[in-house]
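Visitor: Sharing a sequence plus its predicted fold:
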Amino acid sequence: MALFGRKKVTIGLDVGSGLVKVAVIDHGKGEPELVRVAISPLAADAIVEGEVMDPGIVAGAIRDALLAAGVKVKSVVTAVGGRDVIIKKIQIARAKEQDARDLIRWEAEQHVPFDMESVELDFQILDPEGDGQEMSVLLVAAKRDLIENKIRLLTDADVSPAAVDVDAFALHNAFEVNYPDAMHGVVCLVNIGHEVTNVNILEDGVPLLTRDIPVGTRRLREDLQRERGLTNEQADELLQGYDKSPHLDAVLATRGEEIAVGIERAAAFLATASRAQSLIKVVYICGGGARVPGLNEALATRLRLTVELANPLQRLRVRDGAFDALVIDEVAPLLMLPIGLALRQVA
Ligand SMILES: Nc1ncnc2c1ncn2[C@@H]1O[C@H](COP(=O)(O)OP(=O)(O)OP(=O)(O)O)[C@@H](O)[C@H]1O
Ligand SMILES: [Mg+2]
């Protein structure tokens, strides 16, 4: 435990393709407490397929969100994700943490389809207390470009990175705090965003596999416009509303199927790769898309599984006024990732 030098407050910054989200958590009082949340919209096409097309606009939205959160400290925890990040559970000869660090680079070459010169590696020993000849290690490899671009973006917005996390781990972090009971068996956490749906499969609390599906609220909105003749505003109103509608049901039939197939493929891959006996017990959904009326039911019917909305505030303490003018129920599902980032205590 560090008594000195540990920052009490962590600022989590999630730069999504639709919304920039900031969560501020105070770690000073034992139990973490969410003290501030801010959300700032991004202009259409500022980020496309994970790539920042207009750094000026994105940096502006980051500044707006931090300003709205009343943040003065300019050091934030952010994350990278997508296909240039690889997470893999591997078995290696049992070794001490420091020796494992030397081994891992060599091991990674066999598991990571990237040029080793251009990646950052990290790992976690999953069974440090075990005594077998081998140990389970969660290996993470991220292309260095991806991290450097993220840091450049922060610099443009006049902030510095306290840490660069991995999206899937941050999601998992917030999920674990709020749903400790979901840390047994195989569960699936699905983050449905503006452009992308991240499928994360956890086994006994370990994030084993993550896959991205190129479907989100943006596609749903385009479908509503093109196929159902709605305006942009009408589409958003339905997507962010509380009521089901025949328009939504029609577009969810197709897009829900795509998401369901993505979940099934991820689960099937995991079953062959790790010979996991157990099947997914429950699917939890979060992200802006999780609010779309009828999506939950569409997925549950199609997958024949229980689908639950995951709330990052389920067990987290929230300070009065943290949400300012935002409606808590309307934004909470969008905050799993930024809250996961802010849950990190950075030295
Ligand atoms: N209260 C809300 N305010 C704004 N948008 C909302 C709200 N509720 C739902 N949405 C929808 O959620 C979407 C954004 O969701 P989210 O923040 O999870 O995506 P993102 O992180 O920006 O995108 P991605 O992760 O795909 O890059 C918006 O595009 C909108 O359609
Ligand atoms: Mg997102």
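Guide: Looks like it came in fine. Ligands and ions are numbered 1, 2, ... in the order given.
Visitor: Please make it C-alpha for all contacts and neighbour counts, starting now.
Guide: OK.
Visitor: hang on, Gln225 packs against Asn232?
Guide: Yes. With contact taken as Cα atoms under 8 Å, Gln225 and Asn232 are classed as touching, separated by 6.7 Å.
Visitor: Please identify which of these two sits among more neighbours.
Guide: Gln225 (16 against 12; other Cα atoms under 10 Å).
Visitor: tally of neighbours for the residue nearest to that one when sequence neighbours are not counted?
Guide: Leaving aside its chain neighbours, Gln225 sits nearest to Thr231 (5.8 Å; criterion: Cα to Cα, 6 or more residues apart in numbering). Applying other Cα under 10 Å, we find 14 other residues in the vicinity of Thr231.
Visitor: Look up how far ligand 2 lies from the residue sitting furthest away from the middle of the chain.
Guide: Largest separation from the mean C-alpha position in the chain: Gln133, at 33.7 Å (Cα atoms, centre = their mean). Remark: distance between Gln133 and ligand 2 (Cα to the ion, to the nearest Å) = 40 Å.
Visitor: residue contacts, Glu49?
Guide: For Glu49, the contact set (Cα atoms under 8 Å, 6 or more residues apart in numbering) comprises Glu195.
Visitor: any idea how far ligand 1 is from it?
Guide: For Glu49, the distance to ligand 1 equals 8 Å [Cα to the nearest ligand atom, to the nearest Å].
Visitor: Compute the distance between the spatially closest residue to the residue farthest from the centre of the chain that is not a sequence neighbour and ligand 1, please.
Guide: Excluding the flanking residues, the one nearest Gln133 by Cα to Cα, 6+ apart is Arg94, at 5.6 Å. Distance, Arg94 to ligand 1, by Cα to the nearest ligand atom: 37 Å.
Visitor: Up against ligand 1, what does this protein have?
Guide: 16-19, 192-196, 217, 240, 287-289, 291, 330-331, 334 (Cα under 6 Å from any ligand atom).
Visitor: Now with 5 Å, please.
Guide: 16-19, 193-196, 217, 240, 287-288, 330-331, 334 (Cα under 5 Å from any ligand atom).
Visitor: tell me which of those is nearest to Leu209?
Guide: Val196 (16.0 Å; Cα to Cα).
Visitor: burial measure for that closest one, as a count.
Guide: Count around Val196 with other Cα under 10 Å applied: 23.
Visitor: So which residues of the stretch 201-347 of the chain form strands?
Guide: 206-213, 280-286, 306-309, 317-318 (DSSP state E, counting those that start in this stretch).
Visitor: This structure - how does it break down into domains?
Guide: The chain breaks down into these domains under automatic domain parsing: 1-81+145-179+311-347, 85-144, 180-309.
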